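**Q** Requesting a structural model of the entry that follows:
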Amino acid sequence: MALIKSVKGKKPIFGKDCFLADNSTIIGEVETGNNCSFWFNSVVRGDVHYIKMGDFVNVQDGACIHCTHETHPTNIGNYVSIAHHAIVHGCTIKDNVLIGMGAIVMDGCVIESNSIVAAGAVLLENTHVESGTVYAGIPAKKVKDIDPERLEGTVKRISQAYPTYASWIDKDLL
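**A** Okay, the predicted model is just below:
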C-alpha cells in the first residue's frame with residue numbers, strides 16, 4: 001500500500017481513478033485530478049507548500065515532486081508526464097508537457113503548454129520554457145520547436161497511456 005501521510009493536518013486529496021503503486025509516497029497538501037498515477041518509488045511531498053496537479057498526470061518510477069517553504073508551490077496541469085527519476089521542484093508546468101527521464105526542474109520555472117524538457121536536462125531557477133519547444137542540456141536551452149506529430153505522438157500519447165498501464169497490474173497478489 002502506498003505511503004500516504006498528513007502534515008500539519010493537511011492530507012492528500014485524490015481525484016477519481018488514480019493509481020498509487022505500493023511503495024509510492026504522497027504526503028501533505030497534495031491535490032490531484034482524475035486518472036493520475038504514482039509509480040514505484042515516486043515521492044510527492046506537499047509538506048512545506050502545496051502541490052496541485054490536473055488530470056492524466058503520471059509520476060513515474062523514482063520521480064520526486066517537491067516545493068519550497070512559503071515561496072514556491074508546485075502547479076502541474078493536465079496531460080503531464082514526469083518521467084523516471086525526474087525532479088520537479090517549486091515550479092509551474094502547464095498542459096501537455098513531457099519532463100524527460102532524469103531531468104531537473106528548479107524553483108520558479110514555468111513550462112508552457114505543449115513542451116518537452118529532454119532527458120537529463122537541468123532547468124535553472126526561473127527558466128521560462130516557451131510553448132511548443134524542446135529544452136535540453138545543462139543548463140537547459142531551447143534546441144528546437146516541436147512539430148505537431150511529435151506533440152500528438154509522444155507527449156499526449158504517453159500521458160494518456162499511463163492509466164492503461166496501471167490497469168494491467170495485478171491487484172490481488174501478495
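
**Q** distance of residue 63 from residue 104?
**A** The gap separating residue 63 from residue 104 is 11 Å, by Cβ to Cβ, to the nearest Å. C-betas here are computed from N, CA, C, even on glycine.

**Q** list residues touching both of the two?
**A** Common contact partners of residue 63 and residue 104 (Cβ atoms under 8 Å, 6 or more residues apart in numbering): 86, 87.

**Q** Tell me who's in contact with residue 41.
**A** Counting by Cβ under 8 Å, 6+ apart, residue 41 makes contact with 21, 23, 24, 61, 62.

**Q** Now do the contacts for the closest residue to it other than its chain neighbours.
**A** The shortest distance from residue 41 to any non-neighbouring residue, by Cβ to Cβ, 6 or more residues apart in numbering, is to residue 62 (4.8 Å). With Cβ under 8 Å, 6+ apart as the criterion, the residues that contact residue 62 are 40, 41, 42, 84, 85.

**Q** give me the low-pLDDT residue ranges for this protein?
**A** 172-174 (pLDDT under 70).

**Q** Nearest to the spatial middle of it, which residue is it?
**A** Taking Cα atoms, centre = their mean, the centroid of the chain lies closest to residue 82, which sits 3.8 Å from it.

**Q** if I look at residue 100, how far off is residue 12?
**A** Distance of residue 100 to residue 12, computed by Cβ to Cβ: 26 Å.

**Q** for the biggest strand by length in the chain, which positions count as buried?
**A** Ranked by residue count and defined by DSSP state E, the top strand of the chain is strand 43-53. Within strand 43-53, the residues that count as buried by 16 or more other Cβ atoms under 10 Å are 43, 44, 45, 46, 47, 48, 49, 51, 52, 53.

**Q** Closest one of those to residue 119?
**A** residue 43 (19.4 Å; Cβ to Cβ).

**Q** The very next helix or strand once past the longest strand of the chain pairs with which strands?
**A** Using DSSP states H and E, the helix or strand that follows strand 43-53 towards the C-terminus is strand 57-59. Paired neighbours of strand 57-59 in the sheet (DSSP bridges): strand 37-38 (parallel), strand 80-82 (parallel).

**Q** what residues does strand 57-59 touch?
**A** 24, 32-33, 36-39, 42, 44, 65, 76, 78-82, 158-159, 162.

**Q** circling back: which one of the contacts of residue 41 has the most neighbours?
**A** Neighbour counts for the contacts of residue 41 (other Cβ atoms under 10 Å) peak at residue 24, which has 22 neighbours.

**Q** For the closest residue to that residue other than its chain neighbours, name its beta-bridge partners.
**A** Distances taken as Cβ to Cβ, 6+ apart put residue 38 closest to residue 24, at 4.0 Å, once the chain neighbours are dropped. Using DSSP bridges, the beta-bridge partners of residue 38 come out as residue 20, residue 59.
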